[in-house]
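# sharing a model that was predicted from the sequence below.
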Amino acid sequence: MKNYVIFFVLLTCSQMNAQILKKGFSYLSEVDESIQQELRYFSSNNFIGKKIDGYKKNTVIISNAAANALKKVQAELKQMGLSLKVYDAYRPQQSVDHFVRWAKKLNDTLMKQSYYPTIRKSDLFQLGFIASKSGHTRGSSVDLSIVEIKTNKEIDMGSSYDFFGATSHSFHKKLSSRQEKNRMLLRNIMIKNGFKPYDKEWWHFTLVDEPFPNTYFNFDIE
């Protein structure tokens with residue numbers, strides 16, 4: 001009887017979690033638990049240096065269509081001893097608003113040396129690194145990299161995630177042959193499975209046939 005009660009409580013909690021999601025969205029871990037997750041905006045390890053509004057749990061939420069496509073990518077990578085690692089997916093509008101407020105505070109440069117050492121903060125809007133709307137908020141964009149399953153280390157992509165600068169451009173000219181190969185591995189396998197890349201950020205991809213192309217959501221990540 002005791003075990004039944006525990007099972008019922010766990011099932012009820014799972015159902016409650018599912019109920020907070022908009023129709024058409026999934027927890028990525030429930031679609032493929034082998035995909036690694038590290039929501040940088042749930043931590044202080046990001047270009048602002050603080051946890052971002054709307055990120056209440058380190059759990060990736062993404063549209064059902066994008067989640068199923070990532071599952072296919074993961075299946076291919078696992079055959080090579082590799083795994084996806086997701087840094088961001090669905091992003092609430094309130095989080096984007098947080099970015100915009102921060103970008104306007106020009107004296108707040110806590111993480112400059114780590115994320116934008118050669119760029120003036122006042123230029124972040126003009127250069128396209130910060131915007132008032134984001135494809136992430138539509139639920140089918142994802143920021144990710146690849147890790148070796150055996151070592152649990154990210155393969156060398158030539159720049160860190162969310163680095164604001166030319167070295168993050170997909171076809172940056174000063175990459176080593178290994179870095180270029182790694183970027184092309186990620187790019188090609190994502191394109192093959194229905195995603196389109198963003199050439200200024202090697203880590204950013206959007207599902208071509210995204211289910212909510214004109215809708216910007218604002219529910220919390222929890």
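Noted; the coordinates are in hand. Residues are numbered from 1 along each chain as shown.
# buried stuff in stretch 170-179?
Going by neighbour count (16 or more other CB atoms under 10 Å), the buried part of stretch 170-179 is 170, 172, 175, 179. Where you see a C-beta, it was placed from the backbone N, CA and C, and this is true even at glycine.
# quick one, phi psi at the last one?
Taking degrees, to the nearest 10, you get phi -60, psi -40 for the backbone angles of Q179.
# state the distance from it to F212.
Q179 sits 34 Å away from F212 when distances are taken as CB to CB, to the nearest Å.
# can I get stretch 187-203 in CSV, CA atoms only?
Backbone C-alpha positions of stretch 187-203 (Å, rounded to 0.1, in the frame of the first residue of the first chain) are rendered in CSV as follows:
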residue,chain,number,x,y,z
ARG,A,187,25.8,21.9,-38.7
ASN,A,188,25.3,19.1,-41.2
ILE,A,189,23.6,16.7,-38.8
MET,A,190,21.2,19.4,-37.7
ILE,A,191,20.4,20.4,-41.3
LYS,A,192,19.9,16.8,-42.2
ASN,A,193,17.2,16.5,-39.5
GLY,A,194,15.2,19.6,-40.4
PHE,A,195,16.9,22.5,-38.8
LYS,A,196,18.3,25.7,-40.3
PRO,A,197,21.5,27.3,-38.9
TYR,A,198,22.3,30.8,-38.0
ASP,A,199,25.7,31.7,-39.5
LYS,A,200,26.7,34.2,-36.8
GLU,A,201,26.3,31.6,-34.0
TRP,A,202,27.6,28.1,-34.6
TRP,A,203,25.4,26.8,-31.8
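# mind listing what's buried in that stretch?
Those buried within stretch 187-203 under the rule 16+ other CB under 10 Å are 187, 189-190, 193-195, 197-198, 201-203.
# as TSV, those with pLDDT, distance to Y115 and secondary structure would be great.
Conversion of the buried residues of stretch 187-203 to TSV gives the following (pLDDT from 0 to 100; distance: CB to CB, whole Å; DSSP: H, G, I helix; E, B strand; the rest coil):
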residue	pLDDT	distance to Y115	secondary structure
R187	98	22	helix
I189	98	26	helix
M190	98	23	helix
N193	98	29	coil
G194	98	30	coil
F195	98	24	strand
P197	98	21	strand
Y198	96	17	strand
E201	96	12	strand
W202	98	15	strand
W203	98	13	strand
